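# This is the structure alone, sequence omitted:
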Ligand SMILES: [Zn+2]
């Protein structure tokens, strides 16, 4: 009896243990499952926070964003992009996308993004013997420019030939291979004068680019006299009769003609009278927009007969920091519709250690105030709102 009782007790104990075991196992399982859920919800939360951060970023972007409209074509233009010297060092150490990290979203949003590329990108060629300041960038930087969102760059500047025609040719090949059109450079000046035509949103936009730096123009004129203009390594010099012909030809193929001009006095706040005359003549000849660069500082904007002249957009990617103004620039955003220029806005740019960003707060306000003042000197009103400047065709 005792042993039977004992057996019964053992059975009960066994059942109880089994029961408890079941509860413990299912409890632990439930806890683990819950934990998993918690893990999941932590992940969800992180995703939400990240999405929130993204939204916040987008919010930030929304403030600095360009308004891209379905029916309007948006074009973004910046000034001098120099990828040699200290910028080359920064790109080697911090990654070749580093200079464009903060502005690529803006450049990428536009249908067309333009810059003046002030540096040949190559591993061939020899330094130009007479020049003191020489710029060179790595061949892979063509890819960096493409990833940053640039569609077309001007090569008509005083540094494109720093390492000769072979380096210029290689630069062009690399850029074309990265999906970027080049304007103002070629095997000879005839090729350099050919327009780049980009079709977007039912409109065709022609780009032409010229360099008005005395030694380049003189060099061109000397060689043209001896060689008849053929076979000259080439960037297009600013020669009025030729540009006017080029505008006429471009007008036959395109709705809008944009002219990039590398010109003006370095570190000057105001364009020379001669530049204003040239700009007006080019608009009168049919150009719609003039994009100026080379002074390394911002100059004013001017509406003239329905055309827009940006005398100098200043630096965009550059290592100059000898004075605050060389660390500032403008990002110009143009809206075009039904084959006409409808609106222009400018964003203040500050170059922080080789990396341009849209300047905010006091810095941004200072750049915009100066841009408005310099434009007013040219008879054009820049309305400052939400940290950027708006210029309407009637504001002159
Ligand atoms: Zn220059």
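Ah, there it is. What you are looking at is a predicted structure, and each value in this text was computed from that prediction instead of being measured.

# Leaving out the residues flanking it, which one is nearest to the spatially most central residue of the chain?
Centroid check for the chain by C-alpha atoms, centre = their mean gives residue 107 as the closest residue, at 4.8 Å. Of all residues beyond its chain neighbours, the one nearest residue 107 is residue 149 (3.3 Å), with distances taken as C-beta to C-beta, 6 or more residues apart in numbering. To be clear about C-beta, it is placed using only N, CA and C from the backbone, and glycine gets the same treatment.

# give me phi/psi at that neighbour?
Torsion angles at residue 149 (phi, psi; degrees, to the nearest 10) stand at phi 110, psi 0.

# for whatever residue of the stretch 251-396 of the chain ends up closest to the ion, what are its contacts?
Closest residue of the stretch 251-396 of the chain to the ion, C-beta to the ion: residue 294 (4.0 Å). By C-beta atoms under 8 Å, 6 or more residues apart in numbering, the contact set of residue 294 is 80, 116, 157-158, 213, 262-264, 266, 312.

# and the residues you listed as JSON lines, adding pLDDT and secondary structure?
Formatted as JSON lines, the contacts of residue 294 follow (pLDDT from 0 to 100; DSSP: H, G, I helix; E, B strand; the rest coil):
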{"residue": "80", "pLDDT": "98", "secondary structure": "strand"}
{"residue": "116", "pLDDT": "98", "secondary structure": "strand"}
{"residue": "157", "pLDDT": "94", "secondary structure": "coil"}
{"residue": "158", "pLDDT": "90", "secondary structure": "coil"}
{"residue": "213", "pLDDT": "78", "secondary structure": "coil"}
{"residue": "262", "pLDDT": "96", "secondary structure": "strand"}
{"residue": "263", "pLDDT": "96", "secondary structure": "coil"}
{"residue": "264", "pLDDT": "94", "secondary structure": "coil"}
{"residue": "266", "pLDDT": "92", "secondary structure": "coil"}
{"residue": "312", "pLDDT": "98", "secondary structure": "coil"}
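
# Would you check which of these are in contact with the ion?
Restricting those to those near the ion by C-beta under 5 Å from the ion leaves 157-158.

# List buried residues within the contacts of residue 294.
Applying a neighbour-count criterion of 16 or more other C-beta atoms under 10 Å, the buried members of the contacts of residue 294 are 80, 116, 157-158, 213, 262-264, 312.

# Now distance to residue 171 too, for these, in a markdown table please.
Putting the buried ones among the contacts of residue 294 into a markdown table (distance: C-beta to C-beta, whole Å) gives the following:
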| residue | distance to residue 171 |
| --- | --- |
| 80 | 15 |
| 116 | 13 |
| 157 | 12 |
| 158 | 15 |
| 213 | 18 |
| 262 | 15 |
| 263 | 21 |
| 264 | 23 |
| 312 | 23 |
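
# any idea which of those residues is closest to residue 273?
residue 264 (11.8 Å; C-beta to C-beta).

# residues in contact with the closest residue to residue 321 other than its chain neighbours?
In this structure, residue 321 finds its nearest non-sequential neighbour in residue 327, 5.8 Å apart by C-beta to C-beta, 6+ apart. Taking C-beta under 8 Å, 6+ apart, we find residue 327 in contact with 315, 320-321, 350-352.

# centre of the chain versus stretch 284-299, how much separation?
16 Å (C-alpha atoms, centre = their mean, to the nearest Å).

# Kindly apply the preceding question to stretch 326-337 instead.
The answer for stretch 326-337 is 9 Å, by C-alpha atoms, centre = their mean.

# Are it and the ion in contact anywhere?
No. No part of stretch 326-337 sits near the ion under the criterion C-beta under 5 Å from the ion; the closest distance found is 12.1 Å.

# and that stretch, which residues are buried?
Those would be 326-336, for stretch 326-337 by 16+ other C-beta under 10 Å.

# And for stretch 250-266?
250-251, 254-264.

# Switch these over to TSV; also include distance to residue 192 and secondary structure.
Formatted as TSV, the buried residues of stretch 250-266 follow (distance: C-beta to C-beta, whole Å; DSSP: H, G, I helix; E, B strand; the rest coil):
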residue	distance to residue 192	secondary structure
250	14	helix
251	19	helix
254	18	coil
255	23	coil
256	21	strand
257	16	strand
258	16	strand
259	13	strand
260	12	strand
261	14	strand
262	12	strand
263	16	coil
264	20	coil
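
# May I see those organised as JSON lines, with distance to residue 381 added?
Below are these laid out as JSON lines (distance: C-beta to C-beta, whole Å):
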{"residue": "250", "distance to residue 381": "29"}
{"residue": "251", "distance to residue 381": "29"}
{"residue": "254", "distance to residue 381": "29"}
{"residue": "255", "distance to residue 381": "26"}
{"residue": "256", "distance to residue 381": "23"}
{"residue": "257", "distance to residue 381": "25"}
{"residue": "258", "distance to residue 381": "22"}
{"residue": "259", "distance to residue 381": "23"}
{"residue": "260", "distance to residue 381": "25"}
{"residue": "261", "distance to residue 381": "23"}
{"residue": "262", "distance to residue 381": "27"}
{"residue": "263", "distance to residue 381": "24"}
{"residue": "264", "distance to residue 381": "22"}
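
# thinking again about what came up before, can I assume the residue nearest to the centre of the chain is in contact with residue 147?
No. Applying C-beta atoms under 8 Å, one finds residue 107 not in contact with residue 147, separated by 9.9 Å.

# From start to finish, how long is stretch 71-90 in a straight line?
39 Å (C-alpha to C-alpha, to the nearest Å).

# mind checking how far it is from the chain centre?
4 Å.

# Then stretch 255-264?
Using C-alpha atoms, centre = their mean, the offset of stretch 255-264 from its chain centre is 16 Å.

# which bits of the stretch 151-300 of the chain sit near the ion?
Checking the stretch 151-300 of the chain against the ion by C-beta under 5 Å from the ion, the hits are 157-158, 294.

# Which single one of those is nearest to residue 129?
Once C-beta to C-beta is applied, the member of those that ends up nearest residue 129 is residue 158, at 15.4 Å.

# What are the phi and psi values at that closest one?
Here residue 158 shows phi and psi, under degrees, to the nearest 10, equal to phi -80, psi 10.

# could you give the angle of the lengthiest strand in the chain to strand 256-262?
Looking across the chain with DSSP state E, the single longest strand is strand 340-352. Computed with axes from the mean of the first three to the mean of the last three C-alpha atoms, to 10 degrees, the direction of strand 340-352 lies at 30 degrees from that of strand 256-262.
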